[in-house]
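S.K.: what follows is a predicted protein model with its sequence.
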Amino acid sequence: MSELPVVVVGAGPVGLAAAAELVERGLTPLVLERGEHAGAAVAQWHHVRLFSRWAELVDPAARRLLELRGWTHPAEDEYPTGAEWAQLYLRPLADALGEQVRFGAEVVGVARRGRDRVVDDGRDTEPLTVHVRTAAGEERITAQALVDASGTWGAPNPLGGDGLPAIGETTAADRIAYQVPDLTDGTVRARYVGRHVVVAGSGHSALTALVAFAELAEQDSSTRITWLLRRGGVGSTFGGGDSDQLPARGALGLRAKAAVDAGHLTVVTGFRTEEIERDAERLVLVSANGQRVSDVDEVVVLTGFRPDLSWLSELRLDLDATLQAPVALAPLIDPNVHSCGTVYPHGVKELAHPEQGVFLAGMKSYGRAPTFLAMTGYEQVRSIAADLAGDRAAAERVELVLPETGVCGGAGVFDEPAQDQAGGCCGAPAEPETLTLSAPSAR
């Protein structure tokens, strides 16, 4: 099967890095992206500035491939926005990979050729069949392996405190946003100025939104901001501050804390939303214990993301029952036990599944766990590419040291899985001078 391609799902940061690593190993990648350009998900949070520097946002193999084409690495100590990351790195990388990247190609299913998940016979010898939907219709691609780097951006968690939409959440969709609003856009800004805005969530995306909304409230006194936390107290929500080894990430927490201390927003803790009521033209949020937040105009829900596993249903995956992450990886990233800084780099050993040649990488590999760094994804796909090329020593070797958050890890740090995806993929978003969204990477 060595002549068959390795299908990579998603032309986001980790998917394109996987392709570059595979090319360098002499393998043939085929990246399938349902969007119309590289970094389609990143483009949706274009206004957010990452809290990782350029030095941490470029995969080493991708850099070598790009430099062969005369590409110049951006200043390593600068922090790009999502738009800059896509324009200066992701799109040139997709161009360098050429026909090995296909756009407008949505993966809708993957199976072992001629066998559903129940059949044992031939499972170790038959290739994979990737079912793809395009504007021209459906097609099947035979592959030797699959790297799913499709991310979680397209599946945000709901406001409901039990993981399902609150009563009335669907019908109130016109008043709810599930990503950090771009308040530099006049139309978007007009939606929130002079209104009572509720921000729900405790991760970096929520902190990013709080900083932006606090600035709006400071400029316009008629704008009211309420911050809803499911946990019983603010606790370690603001992060490690000056102790964070990613300075911009630490600065984000300090800015959010300053906004709270300055009285620009009201904090409501221990609030797990059960219902959204309509009160004339406004909303009322009701918690499971009867608390009420009234006269609400807009809600910004930043409570994390979850993986879409539906199109992988015919594959034998070994996923943790709690996080929906690979079983061997889950104990290392469980937010009920660890802070981000306590997670050590990992590779193919932690990412392998019973289905031979199938790997979840990038933010999707974390399932419902938060705070994923791009450099973590790059190390994952380096290890996966080495394994597929038969270089077990390189696959099992750890070649990354992660920056610590400055927050002491351990049981009790989180009352629940921390909220984020921002994204995809590099941390989590912070508004214009900090932050990294953990959500990028779209199929």
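M.R.: Perfect, thanks for sending it.

S.K.: where exactly do the helices run in the stretch 51-200 of the chain?
M.R.: For the stretch 51-200 of the chain, applying DSSP state H, counting those that start in this stretch gives helices covering 60-67, 82-85, 91-97, 186-192.

S.K.: adding mean neighbour count, write those helices out as a markdown table.
M.R.: C-beta coordinates here come from the backbone N, C-alpha and C atoms, glycine included. Shown next, in a markdown table, are those (neighbours: other CB atoms under 10 Å):
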| stretch | mean neighbour count |
| --- | --- |
| helix 60-67 | 18 |
| helix 82-85 | 24 |
| helix 91-97 | 20 |
| helix 186-192 | 13 |
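
S.K.: distance to residue 214 and mean pLDDT added to those, as TSV?
M.R.: Listed next are the helices of the stretch 51-200 of the chain as TSV, based on distance: least, CB to CB, whole Å; pLDDT from 0 to 100:
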stretch	distance to residue 214	mean pLDDT
helix 60-67	37	98
helix 82-85	21	96
helix 91-97	33	98
helix 186-192	12	96
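
S.K.: out of those, nearest to residue 270?
M.R.: Proximity to residue 270 (CB to CB) singles out helix 186-192 among the helices of the stretch 51-200 of the chain, at 25.3 Å.

S.K.: what bits of the stretch 201-350 of the chain have low per-residue confidence?
M.R.: Low-confidence regions of the stretch 201-350 of the chain, defined by pLDDT under 70, span residues 233-249, 338-343.

S.K.: ok, the residue nearest to residue 287 when sequence neighbours are not counted - contacts?
M.R.: Once flanking residues are discounted, residue 287 sits nearest to residue 271: 4.8 Å by CB to CB, 6 or more residues apart in numbering. Going by CB atoms under 8 Å, 6 or more residues apart in numbering, residue 271 touches 161, 228-230, 285, 287, 291, 293.

S.K.: just curious, which of these is nearest to residue 390?
M.R.: residue 230 (46.6 Å).

S.K.: neighbours around the closest one, how many?
M.R.: Using other CB atoms under 10 Å, residue 230 has 19 neighbouring residues.

S.K.: surely it and residue 270 touch.
M.R.: Yes. Proximity of residue 230 to residue 270 meets the contact threshold set by CB atoms under 8 Å, at 7.4 Å.

S.K.: next, format the helices of the stretch 51-200 of the chain as a markdown table and append distance to residue 256.
M.R.: Output for the helices of the stretch 51-200 of the chain, formatted as a markdown table (distance: least, CB to CB, whole Å):
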| stretch | distance to residue 256 |
| --- | --- |
| helix 60-67 | 33 |
| helix 82-85 | 20 |
| helix 91-97 | 32 |
| helix 186-192 | 17 |
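
S.K.: to residue 7, which of the ones you listed lies closest?
M.R.: With respect to residue 7, and counting by CB to CB, the nearest of these is helix 91-97 at 13.6 Å.

S.K.: can you pull out the strands in the stretch 151-300 of the chain?
M.R.: Using DSSP state E, counting those that start in this stretch, the strands assigned to the stretch 151-300 of the chain run over residues 176-177, 196-200, 224-228, 266-268, 273-279, 282-287, 292-296, 298-301.

S.K.: equivalent analysis for the stretch 1-150 of the chain, please.
M.R.: Under DSSP E, counting those that start in this stretch, the stretch 1-150 of the chain gives strands at 6-9, 29-33, 101-103, 106-112, 128-134, 137-143, 145-148.

S.K.: related to what we said a few turns ago, what's the closest of the helices of the stretch 51-200 of the chain to residue 140?
M.R.: Judged by CB to CB, the one of those that comes nearest to residue 140 is helix 91-97, at 22.2 Å.

S.K.: what residues does the closest one touch?
M.R.: Contacts of helix 91-97 (CB under 8 Å, 6+ apart): 11, 16, 19-20, 23, 29, 31, 37-39, 62, 65-66, 68-69, 71, 101.

S.K.: can you select the buried ones from those residues in ChimeraX?
M.R.: Buried subset of the contacts of helix 91-97, written as a ChimeraX selection, criterion 16 or more other CB atoms under 10 Å:
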select :11,16,19,20,23,29,31,37,38,39,62,65,66,71,101
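
S.K.: the nearest residue to residue 317 once chain neighbours are set aside: how many residues sit nearby?
M.R.: Nearest residue to residue 317 in three dimensions, chain neighbours excluded: residue 353, at 4.9 Å (CB to CB, 6+ apart). Residue 353 has 18 neighbouring residues, counting by other CB under 10 Å.

S.K.: and residue 353, what pLDDT?
M.R.: Note on residue 353: pLDDT of 97.

S.K.: repeat that for residue 79.
M.R.: pLDDT, residue 79: 91.

S.K.: run a quick neighbour tally on it.
M.R.: Residues near residue 79, counting by other CB under 10 Å: 23.

S.K.: do the same with the one 10 residues further on
M.R.: Neighbour count of residue 89, defined by other CB under 10 Å: 26.

S.K.: pretty sure it is touching residue 57, no?
M.R.: Yes. With contact defined as CB under 8 Å, residue 89 and residue 57 form a contacting pair (7.0 Å).

S.K.: any weak-confidence spans in the stretch 1-150 of the chain?
M.R.: Looking at the stretch 1-150 of the chain by pLDDT under 70, you get 1.

S.K.: beta partners of residue 197?
M.R.: Going by DSSP bridges, residue 197 is paired in beta bridges with residue 225, residue 298.

S.K.: burial of it, as a residue count?
M.R.: For residue 197, the neighbour count with other CB under 10 Å is 25.

S.K.: that one touches residue 298, doesn't it?
M.R.: Yes. Using CB under 8 Å, residue 197 is in contact with residue 298, at 4.8 Å.

S.K.: quick one on the thing from earlier: list the contacts of the residue nearest to residue 317.
M.R.: 315-318, 326, 359-360.

S.K.: beta partners for residue 139?
M.R.: Taking DSSP bridges as the rule, residue 139 bridges to residue 132.

S.K.: many thanks, have a good one.
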